[in-house]
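# Next one to model:
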Amino acid sequence: MPARRPRQRPDPPPGGLLDWSDSRHWAQQARPCRYCDQPTNLRDSSRKPAHKTCAEDAIRQQIQDAAAAYENERLI
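From the prediction side, this is the model:
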């Protein structure tokens, strides 16, 4: 049986994964990002301070971890 090659994962669309154009993702007061601790006025869907790029990086990491767990036939 031939060895299986891992599938290539597609790159995210231009501009990233998340659409934060809605004004609900903005707050007047800057607070530390939950991922990098740098100040941001942006808020995630839970209203927690987060840079869009930091949130996208966290999502990307979660997807990679889940895919690796699936490929290794183990649960997270």
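# So Ile59 lies in a helix, does it not?
Yes - counting by DSSP: H, G, I helix; E, B strand; the rest coil, Ile59 is part of a helix.
# got the contact list for the closest residue to it other than its chain neighbours?
Leaving aside its sequence neighbours, Ile59 sits nearest to Leu17 (C-beta to C-beta, 6 or more residues apart in numbering; 6.0 Å). All C-beta atoms are positioned from the backbone trio N, CA, C, and that covers glycine. Contact analysis of Leu17 by C-beta atoms under 8 Å, 6 or more residues apart in numbering lists Glu56, Ile59, Arg60.
# any idea how far Leu17 is from Thr53?
From Leu17 across to Thr53, the span is 10 Å (C-beta to C-beta, to the nearest Å).
# do Asp22 as well
Distance of Asp22 to Thr53, given as C-beta to C-beta: 17 Å.
# which SS class is Arg31?
Classification of Arg31 by three-state DSSP places it in strand.
# So for it, what's the nearest residue that isn't a sequence neighbour?
With C-beta to C-beta, 6+ apart, the residue lying closest to Arg31 is Pro49, at 3.9 Å.
# what bridges to that neighbour?
Arg43 (DSSP bridges).
# Count the neighbours of it for me.
Per other C-beta atoms under 10 Å, the neighbour tally for Pro49 reads 21.
# okay but it is in contact with Cys36, surely?
No - with contact defined as C-beta atoms under 8 Å, Pro49 does not reach Cys36; the gap is 10.2 Å.
# In terms of helices and strands, where is Ser46?
Assigned by DSSP states H and E, Ser46 falls within no helix or strand.
# List phi and psi for it.
Dihedral pair for Ser46: phi -90, psi 10, per degrees, to the nearest 10.
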